[in-house]
Every structure is written in C-alpha cells, then in structure tokens.
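Participant: Next input, structure requested:
(one chain, ligands or ions: 2)
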Amino acid sequence: MASSTQAQKLVYLVTGGCGFLGEHVVRMLLQREPQLQELRIFDLHLGPWLEELKTGPVQVTAIQGDVTQAHEVTAAVAGAHVVIHIAGLVDVFGRASPKTIHEVNVQGTQNVIEACVQTGTQFLVYTSSMEVVGPNIKGHPFYRGNEDTPYEAVHKHPYPRSKALAERLVLEANGRKVHGGLPLVTCALRPTGIYGEGHQIMKDIYYQGLRLGGRLFRVIPTSVEHGRVYVGNVAWMHVLVARELKQRAALMGGQVYFCYDKSPYKSYMDFNMEFLGPCGLRLVGTRPLLPYWLLVLLATLNALLQWLLRPLLLYAPLLNPYTLAMANTTFTVSTNKAQRHFGYEPLFSWEDSRTRTIHWVQALEGSA
Ligand SMILES: NC(=O)C1=CN([C@@H]2O[C@H](COP(=O)(O)OP(=O)(O)OC[C@H]3O[C@@H](n4cnc5c(N)ncnc54)[C@H](O)[C@@H]3O)[C@@H](O)[C@H]2O)C=CC1
Ligand SMILES: C[C@@H](CO)CCC[C@@H](C)[C@H]1CC[C@H]2[C@@H]3[C@H](O)CC4=CC(=O)CC[C@]4(C)[C@H]3CC[C@]12C
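Facilitator: Ligands and ions are numbered 1, 2, ... in the order given. This is a model prediction of the structure:
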C-alpha cells in the first residue's frame, strides 16, 4: 500500500482510540508522528474531545463503529497504511459475558486482520497484554521475566484467554499476502498493568478510599510485585513500533514486546499509593489485615453473589477470585527487547509519570 512516493504522508487507523490507552496513543501520534497525513479513530463510543483535534494540520477522521462488524472494519481500514488495533473489552469483573468478550477481542481482531488483507494494508500493530502470559491460576511467580522466559500460561478466565487467542491470530497473520501482493507485517505489544491519567480502576480505588474516610486497607503483602507501566510510555511504544515496523519488517514482523519503563516494582496497592498517598489517602497496615483464606472466601462469596443477583442486577465488585489471584501473584518484567529491536527508550521518567498521575488524581471531582 505505502509506495516510496507516498512514504512521507501516511494514513493511520487507531481502533479503540477513545479509550484510556487509545486517547493517549491518538494524542501522541498527533504530537510525534511527522509522517501523519490522516488519523482515523475508530471506536464504539466517540469522545467529545475529538472535536478539538480537528483543527490541526493532520486530518482527523472519527468513525463510530464496532469491531465485531466486519463490513464496518473493512470500510475504516480501506486506504490506511498502518492499523493500530487497541479496541478491546477489558473485563475481569464479570460485567460482560464470556461470549461478548470473545466476540470483541477475538472475532474483532480477526476482522481487523481480514480487513488489512482485503484492502491491502500492510502494517498491523496489536495491543496485547501481559495477561497472555500470566499470572497463571496456579500462582506461579513470573519474576523479572522477559519475552523468552518459559512460563506455564494457563488461561481459564475469558479475558486473558481472548487476548491470548487474538495475539496468536495476529502473529500467525504475519507474512500473509495482502491485496496487491505485499506481505502483511504484524507485531504485538504486551503492556503490564497500565496506569496514568484516565485510569478508571485507579479512580475507583481513590473514591473507595475517600468513602472509607481517607483509608485503604492492606490485603496483599508488600512482597508480591506487580508490573506496571505508564500510559504515556505505552503510547510512545505504539508510535515507535508503528513507525519502525515499516523499516525493520524482517526483524520485527511476528514479534511480541512487553511494554516496560522505569516504574518501580511494587505490590499493586503499594504502587497505587505512590499517587493516592500524596492525594490524601493512607494505606492501613504494614501486613495484610485479613488472613489469605478469608480473602479467598470473600472473593468466592462475591462470585456467588454475582451469579445469584445476575437476573436482577449487575454486582461486580473489585474483589473476585480472579482479581485476587492477579493481585496476589508476582508478575514483573525486565527486558530490553524493544530497545534492541526498535530503539525504544521511555519518553517519561518515573518522576514525570508519577507527577502527571498525581496531578490527574488531584484534579478529579471531589478529590481531597
Ligand atoms: N488497562 C490495562 O492495564 C491494560 C490494557 N491492555 C489492552 O489495551 C487495550 C486498551 O485498554 P484500555 O484502554 O485500558 O481499555 P478501554 O476500555 O479504556 O478502551 C478500550 C476501547 O475499545 C473500545 N471498544 C470496545 N469494544 C469495541 C467494539 N466492539 N468496537 C469498537 N471499539 C470498541 C471502547 O469503546 C474503548 O474506547 C485493550 O485491548 C486491553 O486489552 C493491555 C494491558 C493492560
Ligand atoms: C485484591 C483487591 C483488594 O482490594 C485488589 C484488586 C486489584 C485488581 C482489581 C487488579 C490487580 C491486578 C490488575 C490487573 C493487572 O494489572 C493486569 C491487567 C492487564 C490487562 O490487560 C487488563 C487489566 C488487568 C487485568 C488489571 C485489572 C485490575 C487488576 C486485576
């Protein structure tokens, strides 16, 4: 699709461009991708903030659409040089059915791949997740692992299962001939737990802390480390991968990259306290206040209640057997593959990432 004469003026399509990560990728592309001529933003729900982007030098095209609808995806992809496929149903709380999660995350990704093949789009970047690896349900630690670290990935939950299937589809599609005869070049990025401005779970935990009188209670030991990465750096990695994939197709095609930066290794809650602490919250307890067996019992009760109440209302608390296992299993990455393959260095230092996130929390409505 991109011939050498067109190489300076590119059309990008970002699916899921109105979500937490998608908005950062969209803004980062507009700021830092000089080759951009048109940016198409495809999402089920378009944000009002898109309007302000339409006055700049790059043509911004907002497309309301559903990745599960093949014809809508094909129409959006036609004529694009690069597709960054971020759209997904992120649900580990039992809000959506396993079928819906599969349709959006797996069938939606298949639709994106077929659209690239049919329309001749050659470059596809997929936002995968650390969850395609783990943590697994056996609670095996993944300590400072990299893309080649052996790990027994066992997926029982619909979300990680769907991300793993979708990632496989994307990687297997690398090298397929697209319309016009050129090979499709694909790769997958695997962020660890993303944080930063717009992070809904951080917001929920913050409000929970405010409701509890400015306190959160420690339930997971400090020794359990959970990998986190700043959203601005994840966005930057997407921009770089999309750019470099064209130059380094032989090296990068079919590859996976963890998304990483210099964020410290901490437990999920200790990490959140880096931002929530300066915003007035306190984490009570140096050790877990409840024994683990009791947490397992509460998480199981929550799952049971969710199932019993489903005909009447949606009960989807933060704590369930899956989220407990996630929060209670060490999973951290230590790698330089992205640096070696396409020169990635984090754009935001840990101090910047922290400050930006704190400012965002402080600006939330009703903040302390
Ligand atoms: N939030 C996190 O910590 C991590 C997220 N990821 C992945 O990053 C991607 C983005 O995640 P977030 O920004 O956190 O989620 P998000 O929920 O904020 O964004 C997802 C976007 O996809 C859109 N979308 C959902 N279903 C769609 C459909 N059928 N058709 C078109 N658009 C649809 C949503 O409207 C939303 O704007 C997802 O693929 C997720 O699996 C990966 C690792 C960590
Ligand atoms: C035990 C609870 C006590 O309050 C704390 C529960 C925290 C959980 C809600 C989070 C712990 C780990 C998170 C997940 C992890 O960061 C990896 C993820 C990757 C993704 O691709 C999507 C988001 C998530 C599943 C993330 C979701 C929230 C946690 C389970």
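Participant: Which element, helix or strand, includes Tyr24?
Facilitator: One thing to correct before we go on: residue 24 is His, not Tyr. In the assignment (DSSP states H and E), His24 maps to helix 20-32.
Participant: can you pull out the strands in the chain?
Facilitator: Using DSSP state E, the strands assigned to the chain run over residues 10-15, 36-43, 59-64, 82-85, 123-127, 142-145, 185-191, 193-195, 215-217, 228-230, 255-259, 282-284, 331-333.
Participant: any chance of these in TSV, with mean neighbour count and mean pLDDT too?
Facilitator: C-beta here means a position set from N, CA and C on the backbone, and glycine is covered the same way. TSV is the format used below for the strands of the chain (neighbours: other CB atoms under 10 Å; pLDDT from 0 to 100):
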stretch	mean neighbour count	mean pLDDT
strand 10-15	26	98
strand 36-43	22	98
strand 59-64	15	97
strand 82-85	28	98
strand 123-127	28	98
strand 142-145	18	96
strand 185-191	25	98
strand 193-195	23	98
strand 215-217	16	96
strand 228-230	25	98
strand 255-259	23	98
strand 282-284	14	96
strand 331-333	22	97
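Participant: Make TSV out of these and add distance to Arg95.
Facilitator: Shown next, in TSV, are the strands of the chain (distance: least, CB to CB, whole Å):
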stretch	distance to Arg95
strand 10-15	20
strand 36-43	18
strand 59-64	22
strand 82-85	22
strand 123-127	20
strand 142-145	26
strand 185-191	21
strand 193-195	18
strand 215-217	23
strand 228-230	23
strand 255-259	25
strand 282-284	27
strand 331-333	23
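Participant: Between those strands, which one is closest to ligand 2.
Facilitator: strand 193-195 (2.5 Å; CB to the nearest ligand atom).
Participant: Which strands or helices does that closest one pack on?
Facilitator: Applying 3 or more CB pairs under 8 Å, 6 or more residues apart in numbering; DSSP states H and E, one finds that strand 193-195 contacts strand 228-230, helix 231-247, helix 268-276.
Participant: ranking the ones you listed by burial, who's on top?
Facilitator: Across the helices and strands packed on strand 193-195, averaging neighbours per residue (mean count of other CB atoms under 10 Å) puts strand 228-230 on top, at a mean of 25.
Participant: so what's His102 up against?
Facilitator: Contacts for His102 were tallied using CB atoms under 8 Å, 6 or more residues apart in numbering; they are Pro158, Ser162, Leu165.
Participant: in this protein, which spans are helices?
Facilitator: 20-32, 70-77, 98-102, 108-119, 158-173, 200-211, 231-247, 249-252, 268-276, 292-309, 321-327, 337-342, 350-362 (DSSP state H).
Participant: would TSV of the contacts of His102 with distance to Leu184 and pLDDT be doable?
Facilitator: As requested, these are exported to TSV (distance: CB to CB, whole Å; pLDDT from 0 to 100):
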residue	distance to Leu184	pLDDT
Pro158	27	96
Ser162	21	98
Leu165	18	97
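Participant: who's in contact with Pro158?
Facilitator: Taking CB under 8 Å, 6+ apart as the test, what Pro158 contacts is Asp91, Pro98, Ile101, His102.
Participant: and the first one, how far is that from ligand 1?
Facilitator: To tie it back to what came earlier, the one meant is Asp91. For Asp91, the distance to ligand 1 equals 9 Å [CB to the nearest ligand atom, to the nearest Å].
Participant: and that residue, what is it in contact with?
Facilitator: Contacts here follow CB under 8 Å, 6+ apart; on that basis Asp91 touches Ile101, Pro158, Tyr159.
Participant: next one: the third one
Facilitator: With contact set as CB under 8 Å, 6+ apart, Ile101 has these partners: Leu89, Asp91, Pro158, Tyr159, Ser162.
Participant: which one of those residues is nearest ligand 1?
Facilitator: Leu89 (5.3 Å).
Participant: Burial check on the residue nearest to that closest one when sequence neighbours are not counted, number of neighbours?
Facilitator: Once flanking residues are discounted, Leu89 sits nearest to Val104: 4.2 Å by CB to CB, 6 or more residues apart in numbering. Neighbour count of Val104, defined by other CB atoms under 10 Å: 23.
Participant: Can you tell me which residues in the stretch 1-150 of the chain are near ligand 1?
Facilitator: 16, 18-22, 43-45, 66-68, 86-90, 104, 108, 127, 129 (CB under 6 Å from any ligand atom).
Participant: List only buried entries from the residues you listed.
Facilitator: 16, 18-22, 43-44, 66-68, 86-90, 104, 108, 127, 129 (16 or more other CB atoms under 10 Å).
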